[in-house]
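In: The following block contains a protein sequence and its predicted model.
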Amino acid sequence: MDRRDNFDEIIDMERPWTEETLKKHPKMSPQDRAKIFAPFAALRGHSERLGEEDVKLMRSERVELSEDKVEMLSDKLSQVRKGMNITVVNFLPNEDDGDIGYYVEVTGTVTNIDTVYRVLKIDTGVVNEKGSVGDVISFDELLDICGDKIYNIDESAL
């Protein structure tokens, strides 16, 4: 016997709306019904923590750049000026092992280019753990740089 056979006689029936049932269970408005099924954050910060877990799963080894890529990156870096809006992709090493980490994309305004200490300071508008606004990125951790006024010199010469 099929399970549907049990409900054949009542499946197409209207709901019995008597005065007694309406007193006990009044009809809900569509907005109130929607609130019942709306998502909510039962645990504060849980979704952010899950995001951190995803980053941990995406860890990779540091990419060793070829000489051509290093030269192209150096050309792009020489075009960067203070006050430019740029996007960089850089490697963030793991605390335990410097060759394992993850690549992040940082977008912001260049506040300083320090060729002595080989760092690029970018104002991202986000306060970091040291209390300062922005990121300090080592030249050695860079994978790519792009921005409105940054060109690949090899391609622009063609």
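Out: Right, received. Where do you want to start? What you see is a predicted model; the values in this text were computed from it and never measured.
In: Now do the end-to-end distance for stretch 113-120.
Out: This stretch, stretch 113-120, spans 5 Å end to end (C-alpha to C-alpha, to the nearest Å).
In: Could you give me the buried positions within it?
Out: Within stretch 113-120, the residues that count as buried by 16 or more other C-beta atoms under 10 Å are Ile113, Val119, Leu120. The C-beta positions use only the backbone N, C-alpha and C, and glycine is treated the same way.
In: quick check, nearest of the residues you listed to Ser66?
Out: Using C-beta to C-beta, Leu120 is the member of the buried residues of stretch 113-120 that lies nearest Ser66, at 21.1 Å.
In: if I look at Thr87, how far off is Ile122?
Out: 9 Å (C-beta to C-beta, to the nearest Å).
In: same question, Glu67
Out: Distance, Glu67 to Ile122, by C-beta to C-beta: 26 Å.
In: the more surrounded of those two?
Out: Ile122 (24 against 7; other C-beta atoms under 10 Å).
In: For that one, which non-adjacent residue is spatially closest?
Out: Gly108 (4.1 Å; C-beta to C-beta, 6 or more residues apart in numbering).
In: can I assume that neighbour sits in a strand?
Out: Yes - the assignment for Gly108 (DSSP: H, G, I helix; E, B strand; the rest coil) places it in a strand.
In: What residues are bridge-paired with it?
Out: Ile86 (DSSP bridges).
In: Any idea how many residues pack against it?
Out: With other C-beta under 10 Å as criterion, Gly108 counts 19.
In: Equivalent analysis for Val88, please.
Out: Residues lying near Val88 (other C-beta under 10 Å) number 25.
In: Run through the chain and note the low-pLDDT ranges.
Out: Low-confidence segments of the chain, defined by pLDDT under 70, are located at 1-4, 38-58, 128-133, 154-158.
In: what's near enough to touch Asp123?
Out: Residues near Asp123 by C-beta atoms under 8 Å, 6 or more residues apart in numbering: Gly108, Thr109, Val110, Thr111, Val133, Gly134.
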